[in-house]
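*Asks:* A structural model of the following input is requested.
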Amino acid sequence: MRDAPHGGPRIVVRRSGLHGKGVFARRAIRRGETIIEYKGERVDEAEIARRYPENRNGLNHTFVFGLSEDLNIDGGVQGNSARFINHACEPNCDTFEHKLRVYVRAARDIVAGEELFFDYAIQAGEPLTRQLKACWPCWCGSQHCRGTVLLPSPRRRARRTP
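*Replies:* Prediction:
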């Protein structure tokens, strides 16, 4: 991570006006610039299910970033400040993977003081109902807000029989 102009980190974690803690730019960040690696313990799906059981009657929260079918990064254990980057439906950051590591980069130019966001894009694994969306809410307030951090799971294509 590069330093801010007068020393120190170029991002800072502090209280977010959107939700809990957030990550903010201490200096301008240019589009395409890698900001931070998303770090945490690497665990399988069974361990994630144990650590983060889904609450169907309340709000859910997770620091998990899925890498592959049975490999995840749990930013809640051995994680860094990247775990505090909040979700937005129209984010200023995106993520990319390289050699089974996840990085956050600027999707557009970001000004000093601006909060960083990426789209969590959590695959629901089932149809998105009103109740399910309420368990995984989004508070970004953008004009195109989905109201949830979830995405519908990709539909399987029906097999055609000859």
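*Asks:* who's in contact with stretch 118-129?
*Replies:* 85, 87-89, 91, 93-95, 104, 107, 132, 136, 148-154 (CB atoms under 8 Å, 6 or more residues apart in numbering). Every residue, glycine included, has its C-beta placed from N, CA and C.
*Asks:* separation between the one residue sitting closest to the centre of the chain and Val64?
*Replies:* In the chain, the C-alpha closest to the average C-alpha coordinate belongs to Tyr120, at a distance of 3.7 Å (CA atoms, centre = their mean). For Tyr120, the distance to Val64 (CB to CB, to the nearest Å) stands at 10 Å.
*Asks:* same check, this time on Leu150
*Replies:* From Leu150 to Val64 the distance is 14 Å (CB to CB).
*Asks:* Would you list the phi and psi of the closest residue to Glu115 other than its chain neighbours?
*Replies:* Spatial nearest neighbour of Glu115, chain neighbours left out: Gly22 (4.8 Å); criterion: CB to CB, 6 or more residues apart in numbering. The phi/psi pair for Gly22 (degrees, to the nearest 10) reads phi -140, psi 170.
*Asks:* ok, Gly22 touching Ala82?
*Replies:* No - Gly22 is beyond contact range of Ala82, at 11.6 Å (criterion: CB atoms under 8 Å).
*Asks:* Of these two, which one has the most company?
*Replies:* Ala82 (26 against 18; other CB atoms under 10 Å).
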